[in-house]
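A.B. asks: Would you be able to build a 3D model of this:
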Amino acid sequence: MNYKEQILKIIEDIFLEIPFIILTGCYQNYNIGNGYIPDIVIKYAYKNEEKRIVLEVKSQGEPRFIRDAINQILRYKEAFPNAYYMIAAPFISNTSANLCLNAGIGFLDLVGNVYINDDPLFIKKNVERNPLAEKRELRKLYSPKSERILRVLLDKGKKSWLTEELAEETNVSIGLVAKVKNVLLNEEWLESEYGGFSLIKPFDLLDEWSNNYHIEKSKKLNFYTMSSVREIENRLGDFLNKRNIPYAFTGQSAAARYAPMVRYKTTKLYIDSIEIVNALEVDLEIKQVESGANLHFLIPYDEGVLYGRQQFDGLFVVSQIQTYLDLIHDKARGEEAAVEILEQGIKKKW
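C.D. replies: Numbers count the residues shown, from 1 in each chain. Predicted coordinates:
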């Protein structure tokens, strides 16, 4: 059964459940006039009246493709106004659904989302998540090197980029930048313009990324120290700075620099390698523990984690974007600190 046949089967099942109408025909590639041939035309009878629903079928349901389908439907309406119009796609997200509703157009997808408002029909079903594939296209954004691109776009605010320039800044291939750019354009989070492209919906992107980001990707080593957080942070910074070893504090340690009202009792930092942690264990007289840790070392899963790090009083901390990602799902008051950084820091760049 091909994709259009799946859509037709869904339509037939919907109409068979409605006792007061009769489905009289489903047609593929039906000429509605003026040379317009939409993907599917449905005819049904209500009392003595014949009604029609015209569907434009898309193979992808991202906002960019849905907007194209809406524009096509508006052209159909000029030639054939006496019909109800819908869009079908594998999955209709909330963003795509709102585009349809604002245009007065119905929709349906393969996972159960349906909206039909064609008097006397009113059918509305909503599936919050896509059980077929959790936004397969968006998953392309979450490889380590793809995430480097997201960090830079979010960190640099309204800057306009060229593909080659962004590839150089992130130390990834031009081809990968092009792929990520295409995904972001399809979601309408990125705008392509003369002379470059720029991020236009940073908080939609940040929200989507944070829901798919897992700090556990970085290996964590847990230690205990008798020193206070400020004392151990200063001793760590002194050791690492003298040896030019890349590092950055994160979690509440970073949040306290961006939002000084944050209070905390544990220290967390990204550091280059386990060998360096071993050297620190000896030099700073800290002890590795299985429970009760108050000092956490993270071995970064990718160098991009340290992109945009900032220095406060001689100590490096991760960027505001990375701090937000590391804290937003932290149950120990992390979400509160993350929101503070978002409101007081990140949003000011936009």
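A.B. asks: alpha carbons only for contacts and neighbour counts from here, please
C.D. replies: Fine.
A.B. asks: Toward the C-terminus, what is the element adjacent to the one helix or strand Glu281 maps to?
C.D. replies: If you go by DSSP states H and E, Glu281 is part of helix 274-283. Next along the chain after helix 274-283, taking DSSP H and E as the criterion, comes strand 287-288.
A.B. asks: That following strand - contacts with which helices or strands?
C.D. replies: Here strand 287-288 touches strand 219-224, going by 3 or more CA pairs under 8 Å, 6 or more residues apart in numbering; DSSP states H and E.
A.B. asks: Could you list the buried residues of the strand it packs on?
C.D. replies: Under the neighbour-count criterion of 16 or more other CA atoms under 10 Å, strand 219-224 has 220-224 buried.
A.B. asks: now do stretch 48-59
C.D. replies: By neighbour count with 16+ other CA under 10 Å, stretch 48-59 contains the buried residues 51-58.
A.B. asks: Outside of that stretch itself, list whatever touches it.
C.D. replies: Residues from elsewhere that reach stretch 48-59, judged by CA atoms under 8 Å, 6 or more residues apart in numbering: 4, 38-45, 65-66, 69, 73, 82-90.
A.B. asks: next one: stretch 221-232
C.D. replies: By CA under 8 Å, 6+ apart, the residues outside stretch 221-232 that reach it are 265-267, 285-298.
A.B. asks: so who does Leu110 touch?
C.D. replies: Leu110 makes contacts with 6-7, 10, 89-91, as judged by CA under 8 Å, 6+ apart.
A.B. asks: Is it possible to mark the buried ones in the residues you listed?
C.D. replies: 7, 10, 89-91.
A.B. asks: Just the CA trace of the helix or strand Asn241 falls within, in PDB.
C.D. replies: Taking DSSP H and E as the criterion, Asn241 maps to helix 229-242. In PDB, the C-alpha atoms belonging to helix 229-242 read as follows (Å, rounded to 0.1, in the frame of the first residue of the first chain):
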ATOM      1  CA  VAL A 229      32.900  25.400  46.400                       C
ATOM      2  CA  ARG A 230      34.700  28.700  46.000                       C
ATOM      3  CA  GLU A 231      37.900  27.400  47.300                       C
ATOM      4  CA  ILE A 232      38.000  24.200  45.200                       C
ATOM      5  CA  GLU A 233      36.900  26.200  42.100                       C
ATOM      6  CA  ASN A 234      39.800  28.600  42.600                       C
ATOM      7  CA  ARG A 235      42.300  25.800  43.200                       C
ATOM      8  CA  LEU A 236      41.000  23.900  40.100                       C
ATOM      9  CA  GLY A 237      41.200  27.100  37.900                       C
ATOM     10  CA  ASP A 238      44.700  27.900  39.100                       C
ATOM     11  CA  PHE A 239      46.000  24.300  38.300                       C
ATOM     12  CA  LEU A 240      44.300  24.200  34.900                       C
ATOM     13  CA  ASN A 241      45.100  27.800  33.800                       C
ATOM     14  CA  LYS A 242      48.800  27.400  34.600                       C
END
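A.B. asks: What is the subsequent helix or strand relative to the helix or strand where Lys9 lies?
C.D. replies: Taking DSSP H and E as the criterion, the element that holds Lys9 is helix 3-16. Scanning forward in sequence from helix 3-16 by DSSP H and E, the next helix or strand is strand 21-28.
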